[in-house]
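A.B. asks: let's see this in three dimensions:
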Amino acid sequence: MGQEKDVLIIKSDKKWKDFFIDRICGFSIWLIGFDAILIYWIVTSGPIKGIDIAMSIMTVSPHSIVTILRIYLLCRNIDRELILDKTGVLVKTWLYKRKYTWDEFQIKQLRINVGEYCYDEALFLAVCKHQPRQSSNCKLFPIRHPIGSFCINFKMHRPILAHERANLYINGEIMAAEKEELLSKLKEWGVDFETERPENFDIFQDKKGRLQSRRNGTAWILLAAAVWLLLLGFIIYPIFIWKNPVLIAIFIPFFIALVPVYVVVTSRKSYRLKMDEKGCIRTFLFLSKRYLWKDLRVKLVASEESHCGEGVLFIKKKSGNSSSASETFSYASLHPYSSFVANFEVFGKMYGEKDALHEISKELFLEKMKEWGVEVEGLPKEE
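C.D. replies: Numbers count the residues shown, from 1 in each chain. Just a heads-up that it's a prediction; the model follows:
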């Protein structure tokens, strides 16, 4: 990265360019050679039939498309140069030149997952409105949006993994800038970029106005379903289908071992919470169970999963049940059917921080608890 007066110039190192020019030449030779051999084989194998032409097209086309896309992804950064100043970004690529103002960029994201040669962090800019998911990288983004999307990597000052399969490293930077220098310049120029998560209370309330925790995705639900099918299989097949006492004796230990796994997955990971003035509903798939507030104790506890280090523990009341030192965040793991937890989300989480399980807005939660007259243990006493 170069710097002239109030301008930042970002481009790739010469070592990187030389290496990828060799790779592009190799890909091109491979593409031309493969297609030429295939065409020669079709022509010399006998009379050309319609099915031969169809088969050749089906064989050549996907291979050619994939190879051309790989060449494109390599070419787009070989001679690219980004010139940043207070007005915007001037893009130079081969004979192409275009100036983008900062206001034109619909996406200005700091990300830890960009898919650019194993860089840890990068600044991602794009003029289109389509937002890449925070949980995914931006590797395929240039294919879907070839114009107006750029990635500026943050220098790592170590060899860069250029070819994962071959475990090949290059001692050079690829469209990279010094992180602190770049961010300070953007701040100086008044460029607003997405370093923090914006406030969005809508995800914590459903259509009925009930308070709800953030969805945990389908991965945990699918895992729970898979474990449940395994449990079912270990019981049905040995007992009712094979009817073999030896196999029953073999499968029973596997069944016993999977039971706690299923309990943990369903009771700790896969549920979602919905709350209203009557109580709290814990849902899993199409199953749900309501706990009335009069039957629950609500307690603020420290949480290693929450970004703010705090969560809430729900405990089903019992006779003589009272607060104790053992009622920590891990209490729900030991008592999965009589207790459960939620993590507090704090708006302003820095980029790259993943959502915790069962996240809920602390501000909204405490406001609703006060509105519904629910006692919350662990709140600081009002003076």
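
A.B. asks: my read: I174 touches D13, true?
C.D. replies: Yes. If you go by Cβ atoms under 8 Å, I174 and D13 touch, sitting 7.5 Å apart. Every residue, glycine included, has its C-beta placed from N, CA and C.

A.B. asks: and these two? Which one has more around it.
C.D. replies: I174 (21 against 16; other Cβ atoms under 10 Å).

A.B. asks: contacting residues for D6?
C.D. replies: 85-86 (Cβ atoms under 8 Å, 6 or more residues apart in numbering).

A.B. asks: any figure for the gap between it and D85?
C.D. replies: 6 Å (Cβ to Cβ, to the nearest Å).

A.B. asks: check F254 too.
C.D. replies: Applying Cβ to Cβ to F254 and D85 gives a distance of 65 Å.

A.B. asks: of those two, who's got more company?
C.D. replies: D85 (17 against 13).

A.B. asks: how about the strands in the stretch 251-383 of the chain?
C.D. replies: 272-275, 279-284, 287-292, 296-302, 310-316, 339-345, 359-361, 376-377 (DSSP state E, counting those that start in this stretch).

A.B. asks: for the first one, packing partners?
C.D. replies: Packing contacts for strand 272-275, counted by 3 or more Cβ pairs under 8 Å, 6 or more residues apart in numbering; DSSP states H and E, involve strand 211-212, strand 279-284.

A.B. asks: give me that answer again for 10 Å
C.D. replies: strand 211-212, strand 279-284, strand 287-292, strand 310-316, strand 339-345, helix 362-372 (3 or more Cβ pairs under 10 Å, 6 or more residues apart in numbering; DSSP states H and E).

A.B. asks: of all those, which lies closest to P159?
C.D. replies: strand 339-345 (37.5 Å; Cβ to Cβ).

A.B. asks: return the list of strands paired to the closest one, each annotated with direction.
C.D. replies: Its sheet considered, strand 339-345 pairs with strand 310-316 (antiparallel), strand 359-361 (parallel) by DSSP bridges.

A.B. asks: take that strand, keep the C-alpha atoms, and write them as PDB.
C.D. replies: Once non-C-alpha atoms are left out, strand 339-345 reads as follows in PDB (Å, rounded to 0.1, in the frame of the first residue of the first chain):
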ATOM      1  CA  SER A 339     -34.500 -24.900  34.100                       C
ATOM      2  CA  PHE A 340     -33.200 -23.100  31.000                       C
ATOM      3  CA  VAL A 341     -31.200 -20.100  30.000                       C
ATOM      4  CA  ALA A 342     -31.000 -17.100  27.600                       C
ATOM      5  CA  ASN A 343     -28.100 -15.000  26.800                       C
ATOM      6  CA  PHE A 344     -28.100 -11.200  26.600                       C
ATOM      7  CA  GLU A 345     -27.200  -9.500  23.400                       C
END
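
A.B. asks: angle of it against strand 287-292?
C.D. replies: Orientation note: strand 339-345 sits at an angle of 90 degrees relative to strand 287-292 (axes from the mean of the first three to the mean of the last three Cα atoms, to 10 degrees).

A.B. asks: taking helix 362-372 as reference, get the angle to strand 339-345.
C.D. replies: 130 degrees.

A.B. asks: pipe the strands paired with strand 339-345 into CSV and attach distance to L231 and mean pLDDT per row.
C.D. replies: Output for these, formatted as CSV (distance: least, Cβ to Cβ, whole Å; pLDDT from 0 to 100):
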stretch, distance to L231, mean pLDDT
strand 310-316, 25, 91
strand 359-361, 29, 86
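
A.B. asks: could those go into a markdown table alongside mean neighbour count?
C.D. replies: Below are the strands paired with strand 339-345 laid out as a markdown table (neighbours: other Cβ atoms under 10 Å):
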| stretch | mean neighbour count |
| --- | --- |
| strand 310-316 | 21 |
| strand 359-361 | 23 |
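
A.B. asks: what would these look like in TSV with distance to Y169?
C.D. replies: Converted to TSV, those look like this (distance: least, Cβ to Cβ, whole Å):
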stretch	distance to Y169
strand 310-316	42
strand 359-361	38
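
A.B. asks: between those strands, which gets nearest to I107?
C.D. replies: Smallest distance to I107 across those (Cβ to Cβ): 23.7 Å, for strand 359-361.

A.B. asks: tell me the confidence at the residue nearest to L211 when sequence neighbours are not counted?
C.D. replies: What sits nearest to L211 in space, not counting adjacent residues and going by Cβ to Cβ, 6 or more residues apart in numbering, is M275, at 4.2 Å. With respect to pLDDT, M275 has a value of 93.
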